[in-house]
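Asks: build me a model:
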Amino acid sequence: VADAADVAAHWPRPRAGDDKYTRGVVGVAAGSRRYPGAGVLAVAGASSGPAGYIRYAGVGASAVRARHPHVVTTDRVADAGRVQAWVAGPGLSLDSPAQADLRTVLAAEVPTCLDADALTLISEHPDWLENRTTPLVLTPHDGEYERLAGRPPGPDRVAAARELAAAVNAVVLLKGNRTVVAGPDGVAYVNPTGTPALATAGTGDVLAGLLGSLLAGGVEPVWAAVCAAYAHGLAGADAARSGPVTAPDVASALRGAVAGVLAGGAGSASI
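Replies: Numbers count the residues shown, from 1 in each chain. Next up is the predicted model:
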């Protein structure tokens, strides 16, 4: 079980002499005409992470600029410029332009978080991951897990996450009431934070954005997933104290949750 001390130990802080580039540049490929808010939410999550620069690529560029004026935007991934990590998939859709964007992301050979529609696309095109050498983090819910693994996760979620991680040679963050993070080497962590209130549309977009920001900040992929799940769960619980929760509520609570994590905590152990 991971807790605050380990998360705080792995979370990057700005250093004297840092600039926006040395803190990490994260690219966000998210949103579509049907789901324009997904890009806004993923960028909100990334904005609470350690990356110093966010590049957004997608059809929701105008909505992202309106909500997040610090973000550099473009319509296509190919025009986004260099990044240290990518987040791809939230609300992306499954059409030909989305497929082209995802393939461009995967060709960039930087640490990448794949969520939502990106998971569906790689379940249909597993060859897109062949010969990949840079870190990959997958963030499936149960339905996406079943598409990737060919079966539901079942009651032993730790074993399920480990099996998929080994099969695809990636870190797997299996979302649920108790989110599990597993690496391809078999290490696994159960996230102790969260609330059933997080089971609402868009909260996974926020999580993916935060995770990508941690990857861009240089955090090792397993710990990027652990840190993101922990802080996201805290933010969800904080947001739920004031009533029904929406994804923007979680995004708004995330910065305070991160500050609380960085204040310190106790120890943790892998399984």
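
Asks: so what does whichever strand or helix holds residue 28 touch, helix or strand wise?
Replies: If you go by DSSP states H and E, residue 28 is part of strand 25-29. When contacts are defined as 3 or more CB pairs under 8 Å, 6 or more residues apart in numbering; DSSP states H and E, strand 25-29 packs onto helix 37-47, strand 53-57, strand 85-88, helix 96-107, helix 203-216. All C-beta atoms are positioned from the backbone trio N, CA, C, and that covers glycine.

Asks: ok and it relative to helix 37-47, angle-wise?
Replies: 160 degrees (axes from the mean of the first three to the mean of the last three CA atoms, to 10 degrees).

Asks: identify all contacting residues around strand 25-29.
Replies: 39, 42-43, 46, 49, 51-58, 77, 80, 82-89, 92, 101-102, 105, 108, 209, 212-213, 215-216 (CB atoms under 8 Å, 6 or more residues apart in numbering).

Asks: buried sites along stretch 100-108?
Replies: 101, 102, 104, 105, 106, 108 (16 or more other CB atoms under 10 Å).

Asks: residues touching the spatially closest residue to the third one that is not a sequence neighbour, list them.
Replies: Once flanking residues are discounted, residue 104 sits nearest to residue 77: 4.5 Å by CB to CB, 6 or more residues apart in numbering. The contact partners of residue 77, taken as CB under 8 Å, 6+ apart, are 27, 29, 57, 100, 101, 104, 105.

Asks: nearest to residue 160 among those?
Replies: Relative to residue 160, the closest of these is residue 105; by CB to CB it sits at 25.8 Å.

Asks: separation between the closest one and residue 5?
Replies: 33 Å (CB to CB, to the nearest Å).

Asks: next: residue 149.
Replies: From residue 149 to residue 5 the distance is 32 Å (CB to CB).

Asks: between the two, which one's more packed in?
Replies: Neighbours per residue, other CB atoms under 10 Å: of residue 149 and residue 5, the larger number sits with residue 149, 18 against 14.

Asks: my guess is that one meets residue 163, correct?
Replies: Yes: using CB atoms under 8 Å, residue 149 makes contact with residue 163 at a distance of 7.0 Å.

Asks: hmm, back to that, want to try TSV for the helices and strands packed on strand 25-29, with distance to residue 126 and mean pLDDT as columns?
Replies: Formatted as TSV, the helices and strands packed on strand 25-29 follow (distance: least, CB to CB, whole Å; pLDDT from 0 to 100):
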stretch	distance to residue 126	mean pLDDT
helix 37-47	24	98
strand 53-57	24	99
strand 85-88	16	99
helix 96-107	12	97
helix 203-216	20	99
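
Asks: for the closest residue to residue 10 other than its chain neighbours, give me its contacts.
Replies: Nearest non-adjacent residue to residue 10, counting by CB to CB, 6+ apart: residue 223, 4.3 Å away. Taking CB under 8 Å, 6+ apart, we find residue 223 in contact with 6, 10, 214.

Asks: quick one: residues contacting the second one.
Replies: Counting by CB under 8 Å, 6+ apart, residue 10 touches 219, 220, 223, 226, 227.

Asks: against residue 50, how distant is it?
Replies: Residue 10 sits 10 Å away from residue 50, going by CB to CB.

Asks: which residues are common contacts for the two?
Replies: Joint contacts of residue 10 and residue 50 (CB under 8 Å, 6+ apart) are residue 219.
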